[in-house]
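Chemist: Quick check, what structure comes out for this input:
(chains A and B)
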Amino acid sequence: MPENTRPNPRPGQEHFVAGPDVVQLQVIDSVDTSEAPSSMWRDAWNEMRRRPMFWVSAVMIVVVIIVSIIPGVFTTALPRSGCDLGNAFASPSGEHPFGTNQNGCDIYARTLFGARSSVLVGTLTTTFVVILGTAIGAIAGYYGGWLDTILSRLTDVFFAVPFVLAAIVILSLAEERTELTVAVVLAAFGWTSIARIARGSVLSVKNNEFVTAAKALGMGRFAIMVRHALPNAAAPIIVYATVALGTFIVAEATLTFLGIGLDPSTVSWGGDLSTGQSALRSNPEIMFYPAAALGFTVLGFILLGDVVRDALDPKARKR
Amino acid sequence: MSTTVSLNDAVEQEPERWESQDASTPLLEIKDLHIGFTTGQGVVQAVRGVDLNVYPGQSVAIVGESGSGKSTTAHAIIDLLPGTGKVTGGSIKFGGRELVGLGRRQTEDLRGREIGLVPQDPMSNLNPVWRVGTQIDEALVANGFQGDRAARKARVVELLGEAGLPDAEVRARQYPHEFSGGMRQRALIAIGLASRPKLLIADEPTSALDVTVQKKILDHLEGLTKELGTAVLFITHDLGLAAERAEHLVVMYKGKVVESGPARQILQDPQHEYTRRLVASAPSLASRRIQSAHERGKQTDEQLAAHADETAKAAPDVVVAKDLTKVFRLRGARPGTHTDFTAVDNISFTLPKGRTIALVGESGSGKSTAANMVLGLLEPTSGVVTINDQDMATMSGKQSFAMRRRVQPVFQNPYGSLDPMFSVFSSIEEPLRLHRVGDRKSREVRVRELLDMVSLPQATMRRFPNELSGGQRQRIAIARALALKPEVLVLDEAVSALDVLVQAQILTLLNDLQAELGLSYLFITHDLAVVRQIADLVAVMKDGSIVEHATTDEVFDNPQQEYTRDLLAAIPGASLEIGG
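Modeler: Numbering: from 1, shown residues only, chains lettered A, B, ... in the order given. Prediction:
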């Protein structure tokens, strides 16, 4: 114990000095070079792959994508030309694992072949929406001023248009309704949420000091937006896009079910749900399979979106 | 001995409060406290074996840097550990009663009534949708105040008045946003003391406030608690503040007590190597040492001083700011109307080559606006900034792009000044690439060189900012600023957010770099204590104007303005005599 310069500190308050080993002074503010460097993306990946939910959703999505690319590998039956009207409403058998529908088509084959249009519409729409929404939102947020006023009001106008109504009007004018047509129409009215998200996150990034530092270096506004603001604003956009992909698939199915989505000649889950409803009372399983496939696909994307959000934004993670 | 006197005062003024409480037994007794946080990687021990005693009416301070476990220890007392934090061992006794493992109801009874809390951030700790009076009333009700509405209302006004708010009756009906930071902190003190607790925990109570406001509030708090006989447990990162306000100090580092004992003794004769470095690094205290060194210099070597003056005169001015004014146009109450706000009002200063000028002022003094005009980020409403005799306003686009190489900024926030998506290498390389300096290979050589300059291992360049500490990020921000070999660095509160030891390291680094590279610094800060360590010239700003402009020694030894004297007196620990 060192000497006390004061005569009588109270019990328990005597001068106490810990051993020298308590603080490793040379450690203060030293860089830990032992571990591999980790960028935000790598951290997010490490976080994600530890979660079982990631693998579950990834497997679901990979299955759907493989089926949509090469459905012929999994079945010998053909969804359209292989139909035999004389064999309608057949029960499941070795030849028809899910049975046949009211037109005598193999339900198993139709379910597999229907994946393609859903996945196509989903990915195309999401791609369009991300490009359009991010561009509009980022420019509005980063440039601000009158450009922001115009673009934000434009977003509000599109946001206010009833989605299904607009899609019905425009698609009824279309001569041919392919996956691309449907995707373009869905994207035309579906970009507003991404634009709002992009604007918000660019706004929150734009006042950071590294942006000011880039300005002080003489970097131009557009270059700063692309190099600094956008990459930092990407996380919430990616999260939203993952979930949105699922909802666009649902939207396509809804429109096709109503008869204004894909052409009836295209094999799709929405179309099969639509034709199956006439036999709902007697043979509900006809509707069950396309509905289950649709649910499976959408669930996969929504689960993935959840995991991605948790990984990219640790603050939103529930304890 | 002042401490004993204050205790006796308390006993005399409110003897009935102490009948059951023997002044010779500790009010708060913490023994071998361990606190752990459960994370994905297992349990992290934040506090590892802390011992602490607080006697009735006594003021004790826990001092430590960020991550030392000081706040965690304090929060454990009233069971307010955040998230997954849990006491994993040891005991906390309050008035002889064990607090660890106490039920929720009993803990709630204890909070407020027996132990009050003044939280850190006055901006977020008052609910913006309720009137200030309502929030104090709430505290009274929660702590079982006996009396009807009218009595409570009277009590609220009384408490606010006691906390030093004039027109307490009017103030009680106002909302938090109508209060300044200092007034909010006073309201929080009123809430903390509403039920006359025996112990008040003050968690960095004034770290968000300007120094002059801080001093007033701490003076008031000291008087009030002394009068009421309340024991105070200060949590602070500021050794000077702790030594000035508490009689017993506990210095913590990484969850352990490094040194504890009587405040004066620790300050004057620190025993542990870590405490010694803390005392040496604390700017408020170190400034006194520099002063004594300066006085020694005067006595022994007047010629040297004269020589230094001569070189100062000979050095050409790199930056000249003349009659700078910046008026911001604020949106008025009605659409289409506007009001003018003069952020910087007709200021002039010069920065000689190889020197440092400090612009000092409290929040809202216009110092950062002035810095942004020098950086060319804001256009002055009137007046000119010349860099090497070139007027910034008349430069062509190409010239001003080239000029940007010569003036570079380092900002305050070590977490915001580096792009989290960029590796350290890309961050430092960016200025070189933008100004097309060299090829990829030579740029990498330069990045390695710059990392050496700021004393970071070259391996750091593959890392990302989230892997580095605040001090390391600030070093990288300095390296980036130096990449283009500028002549002037604008340091906007560049060390303000750092822990003292790291702050001292960065200041030393800046001093070394200045000597080595002949850099000129425009140093923007609210902290006069730091100024002493780095600046040659000081311009004190208040409400957009420069109120005093002189050499650092003149400003510190012989301040001409009342405001400068107030600022100097408000430096925590300025009044303490440091021996040894």
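Chemist: Could I get the average pLDDT for stretch B:179-189?
Modeler: Averaging pLDDT along stretch B:179-189 yields 87.
Chemist: Please point out which parts of it sit buried.
Modeler: B:179, B:181-189 (16 or more other CB atoms under 10 Å in any protein chain shown). (Glycine included, C-beta is placed from N, CA and C.)
Chemist: thinking residue B:236 is in contact with residue B:60, fair?
Modeler: No. Using CB atoms under 8 Å, residue B:236 is not in contact with residue B:60; the gap is 11.2 Å.
Chemist: Look up the closest residue to residue A:134, ignoring the ones flanking it.
Modeler: Among residues not flanking residue A:134 along the chain, residue A:198 sits closest, at 4.7 Å (CB to CB, 6 or more residues apart in numbering or on different chains).
Chemist: State the helix or strand in which the one you found lies.
Modeler: Following DSSP states H and E, one finds residue A:198 within helix A:192-206.
Chemist: Counting by contacts, list what that helix packs against.
Modeler: Under the contact criterion of 3 or more CB pairs under 8 Å, 6 or more residues apart in numbering or on different chains; DSSP states H and E, helix A:192-206 touches helix A:107-143, helix A:145-160, helix A:230-257.
Chemist: just checking, next helix/strand downstream of it?
Modeler: Downstream of helix A:192-206, the next assigned helix or strand under DSSP H and E is helix A:209-216.
Chemist: so does that next one get close to chain B?
Modeler: Yes. Counting by CB under 8 Å from any CB of the partner chain, contacts between helix A:209-216 and chain B involve A:209-210, A:212-216.
Chemist: Same list (those residues) but as a markdown table, adding neighbour count and pLDDT.
Modeler: Below are the residues of helix A:209-216 next to chain B laid out as a markdown table (neighbours: other CB atoms under 10 Å in any protein chain shown; pLDDT from 0 to 100):
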| residue | neighbour count | pLDDT |
| --- | --- | --- |
| A:209 | 21 | 88 |
| A:210 | 25 | 90 |
| A:212 | 20 | 89 |
| A:213 | 27 | 89 |
| A:214 | 22 | 90 |
| A:215 | 19 | 89 |
| A:216 | 21 | 88 |
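Chemist: Need those in TSV (columns: distance to residue B:393).
Modeler: Converted to TSV, the residues of helix A:209-216 next to chain B look like this (distance: CB to CB, whole Å):
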residue	distance to residue B:393
A:209	25
A:210	26
A:212	20
A:213	22
A:214	22
A:215	17
A:216	17
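Chemist: Any idea which residue of chain B lies closest to chain A?
Modeler: Closest to chain A within chain B is residue B:261: 3.3 Å, counting by CB to the nearest CB.
Chemist: what residue ranges in the chain score low on pLDDT?
Modeler: All of this is about chain A. Scanning chain A for pLDDT under 70 picks out the ranges A:1-8, A:22-38, A:82, A:314-319.
Chemist: Hmm, no, I was thinking of chain B.
Modeler: Residues of chain B meeting the criterion pLDDT under 70: B:1-22, B:40, B:283-314, B:332, B:574-580.
Chemist: what about stretch A:44-56, start to end distance?
Modeler: The first and last residues of stretch A:44-56 sit 17 Å apart, counting by CA to CA, to the nearest Å.
Chemist: now do stretch B:68-88
Modeler: With CA to CA as the measure, stretch B:68-88 spans 17 Å from end to end.
Chemist: can you list the domains in chain B?
Modeler: Recorded structural domains for chain B (assignment: automatic domain parsing) are B:2-281, B:282-302+B:315-406+B:486-580, B:420-485.
Chemist: Now residue B:342: phi and psi?
Modeler: phi -90, psi 100 (degrees, to the nearest 10).
Chemist: List the beta-bridge partners for it.
Modeler: Under DSSP bridges, the beta-bridge partners of residue B:342 are residue B:327.
Chemist: Could I get the contacting residues of it?
Modeler: With contact set as CB atoms under 8 Å, 6 or more residues apart in numbering or on different chains, residue B:342 has these partners: B:325-328, B:544.
Chemist: Next up, the contacts around residue 216.
Modeler: With no chain named, the answer covers chain A. Counting by CB under 8 Å, 6+ apart, residue A:216 touches B:375-377, B:404, B:407-409.
Chemist: wait, I meant chain B there
Modeler: By CB under 8 Å, 6+ apart, the contact list for residue B:216 reads B:164, B:182.
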